[in-house]
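Enquirer: Pasting the sequence and the predicted model now:
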Amino acid sequence: MAIKLNDRFLGGFVGEHELSAMDDAVKAAHSKLWNKTGLGNDFLGWVDLPVDYDKDEFVRIKAAAEKIKKSCDVLIVIGIGGSYLGARAAIEFCKSPYYNNLKKDTPDIYFAGCNISAQATEELLSICEGKDVCLNVISKSGTTTEPAIAFRIFRDMLVKKYGPDCIKDRVFITTDRKKGTLKAFADEMGCETFVVPDDCGGRYSVLTAVGLLPIAVAGISIDDMMAGAAAAREAFKDCDLANNDCLKYAAYRNILHNKGKKTEILVDYEPCMTMMNEWWKQLYGESEGKDNKGLFPASVVFTTDLHSLGQYIQEGERLMFETILSIKDTGSTVVVPNDEANVDGLNFLTGKTLEFINSMAYKGAAVAHNDGGVPAMVLELDTRTAYDFGYMVYFFEMACGISGYILGVNPFNQPGVEAYKKNMFALLGKPGYEDAKAALEARISE
């Protein structure tokens, strides 16, 4: 088992009878997912994806990754939300947050189209100067504003650098199987294309070509990653709450929510988890935050954030609980050296590893927050391999679907994300938004 749930810090907050009382609701939600009978059931392709994916495309992904490795120094991945978060999370988790600075035989990988920042775009263009560059553009429609702008800018850079014929060899497109402006562009230019599946929403798409191509370019085994997800799928087919930690996690979240907890904080102690936190926040925020319901997903990286948000967690309003992700073996060992002068008074740590010290910080903080009235679950992860990543992704996806159905929402749509887009289009003068533009400008000028 790659992930084990430890509930020792829920004592005094959740009784055993409360977990048992969730059994019927959990089984009903589990049945809706596996039988595809619940809300949003046309977006449940991720449930069977680890064992039922396009094997031919999988081979093409690995071949394209090898081609990219040989032809460029820098790969720019253009996408937003689920079109970039999963891949970036995987690279930082399996490799390092410093991946681009490591000695390696794979290209540097940067992400664009996930903001509209002139500064970030200009700096990335500067990084590309004097280097061979490829693009992986990820968008279902090809018209999402942020990635579409980025693609226009970086495509222009490629054409100026290599000439117009370079597009077919240096641009790899992940988009709709049959339709959309990006698909039409790819067909016209002769670019190699990969599919954003119709039955996997963006935040559930990391184990499709959306995430797998840049992950493979980073030299991470996508075979191992899919094997981890497949193992998780097999483990979570069991609807017995007592023997399924994924279902327990979903049940505990709902119990705490029903007790008035409004915020779930994902806690980890390794910087390699920072982007995984961001992926997790999108997964749960977009899936549960609707109909005026849902936990607010937040995250911290300790011990760093113990020196900032730690104060609020310890003594602020009692509105949150923690989900602590503990990696047992990070694959690194650093020992604290001795200092003859002991100028910092830390010689009591001489000979101890940073891993041991970090684990004591985790235990000390968990007990302190518990004493301060903050319940916590601990998700214990064995290591930080591609297999573990695949397992963890499926764990959180399955728990999210279960949680959403228990909450009574459709976990697989996101109607609210369109509101800001309509206002932005109107203010930018997009044709067809003239009346809205006038009304918005009047409100802004008041």
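Expert: Perfect, thanks for sending it.
Enquirer: The closest residue to residue 22 other than its chain neighbours: what's it in contact with?
Expert: Using Cβ to Cβ, 6 or more residues apart in numbering and skipping residues adjacent in sequence, the residue nearest residue 22 is residue 251, 4.2 Å away. C-betas here are computed from N, CA, C, even on glycine. Going by Cβ atoms under 8 Å, 6 or more residues apart in numbering, residue 251 touches 19, 22, 25, 26, 241, 406.
Enquirer: Nearest to residue 150 among these?
Expert: Nearest to residue 150 among the contacts of residue 251, counting by Cβ to Cβ, is residue 406 at 37.9 Å.
Enquirer: Only the C-alpha atoms, please, for the strand or helix carrying that closest one, written as PDB.
Expert: Using DSSP states H and E, residue 406 sits within helix 386-407. Extracted C-alpha coordinates of helix 386-407, given in PDB (Å, rounded to 0.1, in the frame of the first residue of the first chain):
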ATOM      1  CA  ALA A 386       6.700   7.800 -10.100                       C
ATOM      2  CA  TYR A 387       4.800   4.800  -8.800                       C
ATOM      3  CA  ASP A 388       4.000   6.700  -5.600                       C
ATOM      4  CA  PHE A 389       2.900   9.700  -7.600                       C
ATOM      5  CA  GLY A 390       0.500   7.700  -9.700                       C
ATOM      6  CA  TYR A 391      -0.900   6.100  -6.600                       C
ATOM      7  CA  MET A 392      -1.300   9.400  -4.800                       C
ATOM      8  CA  VAL A 393      -3.100  11.000  -7.800                       C
ATOM      9  CA  TYR A 394      -5.600   8.300  -8.000                       C
ATOM     10  CA  PHE A 395      -6.100   8.300  -4.200                       C
ATOM     11  CA  PHE A 396      -7.000  12.000  -4.200                       C
ATOM     12  CA  GLU A 397      -9.100  11.700  -7.400                       C
ATOM     13  CA  MET A 398     -11.200   8.900  -6.000                       C
ATOM     14  CA  ALA A 399     -11.600  10.500  -2.600                       C
ATOM     15  CA  CYS A 400     -12.700  13.700  -4.300                       C
ATOM     16  CA  GLY A 401     -15.400  12.000  -6.400                       C
ATOM     17  CA  ILE A 402     -16.700  10.200  -3.300                       C
ATOM     18  CA  SER A 403     -16.600  13.400  -1.200                       C
ATOM     19  CA  GLY A 404     -18.500  15.400  -3.800                       C
ATOM     20  CA  TYR A 405     -21.300  12.800  -4.100                       C
ATOM     21  CA  ILE A 406     -21.600  12.700  -0.300                       C
ATOM     22  CA  LEU A 407     -21.800  16.500  -0.300                       C
END
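Enquirer: Go ahead and name everything in contact with the helix or strand that that helix is followed by.
Expert: The helix or strand immediately downstream of helix 386-407 is helix 418-428, counting by DSSP H and E. The contact list for helix 418-428 (Cβ under 8 Å, 6+ apart) reads 145, 433, 436, 437, 440, 441.
Enquirer: Sort out which residues of the following helix or strand past helix 418-428 are buried, please.
Expert: Next in sequence after helix 418-428, counting helices and strands by DSSP H and E, comes helix 434-445. By 16 or more other Cβ atoms under 10 Å, the buried positions in helix 434-445 come out as 437, 440.
Enquirer: who does helix 434-445 touch, helix- and strand-wise?
Expert: helix 418-428 (3 or more Cβ pairs under 8 Å, 6 or more residues apart in numbering; DSSP states H and E).
Enquirer: now the helix or strand hosting residue 212 against helix 386-407, angle please.
Expert: Take DSSP H and E as the rule and residue 212 turns out to sit in helix 209-217. Relative orientation of helix 209-217 versus helix 386-407 (axes from the mean of the first three to the mean of the last three Cα atoms, to 10 degrees): 160 degrees.
Enquirer: What helices and strands are in contact with helix 209-217?
Expert: In terms of contacts (3+ Cβ pairs under 8 Å, 6+ apart), helix 209-217 is packed against helix 55-71, strand 74-78, helix 85-94, strand 133-138, strand 171-175, strand 192-195, helix 222-236.
Enquirer: of all those, which lies closest to residue 296?
Expert: Comparing the helices and strands packed on helix 209-217 by Cβ to Cβ, helix 85-94 comes nearest, at 17.8 Å.
Enquirer: just checking, next helix/strand downstream of that closest one?
Expert: Taking DSSP H and E, what comes next after helix 85-94 is strand 108-112.
Enquirer: what does that following strand rub up against?
Expert: Counting contacts by Cβ under 8 Å, 6+ apart, the residues outside strand 108-112 that touch it are 73-79, 84, 87-88, 91, 99-100, 120-121, 124, 127, 147, 150, 154, 214, 217-218.
Enquirer: quick one: average confidence on it?
Expert: The pLDDT scores in strand 108-112 average 98.
Enquirer: Neighbouring strands of it in the sheet, and parallel or not?
Expert: Each strand paired with strand 108-112, and its direction, by DSSP bridges: strand 74-78 (parallel).
Enquirer: how about the residue nearest the centre of the chain, secondary structure?
Expert: The chain has residue 279 as the residue nearest its centroid, 2.0 Å off, counting by Cα atoms, centre = their mean. Following DSSP: H, G, I helix; E, B strand; the rest coil, residue 279 is assigned to helix.
Enquirer: hmm, back to that, mind pulling up the pLDDT for the residue nearest to residue 22?
Expert: pLDDT, residue 251: 97.
Enquirer: Which strand or helix spans it?
Expert: helix 245-258.
Enquirer: tell me which of the contacts of residue 251 is nearest to residue 169?
Expert: residue 406 (48.9 Å).
Enquirer: which stretches of the stretch 101-250 of the chain aren't confidently modelled?
Expert: Of all residues in the stretch 101-250 of the chain, none has pLDDT under 70.
Enquirer: how close does residue 243 sit to residue 23?
Expert: 12 Å (Cβ to Cβ, to the nearest Å).
Enquirer: Tell me how many other residues surround the nearest residue to residue 271 once chain neighbours are set aside.
Expert: Excluding the flanking residues, the one nearest residue 271 by Cβ to Cβ, 6+ apart is residue 97, at 5.1 Å. Neighbours of residue 97 under the rule other Cβ atoms under 10 Å: 16.
Enquirer: Quick check: what element follows the helix holding residue 251 along the chain?
Expert: Immediately after helix 245-258, counting by DSSP H and E, sits strand 263-268.
Enquirer: Which residues does that next one contact?
Expert: 253, 256, 276-277, 280-281, 284, 295-302, 313, 319-327, 376.
Enquirer: What is whichever strand in the chain runs longest packed up against?
Expert: In the chain, with assignment by DSSP state E, the single longest strand is strand 320-327. In terms of contacts (3+ Cβ pairs under 8 Å, 6+ apart), strand 320-327 is packed against strand 263-268, helix 354-371, strand 376-381.
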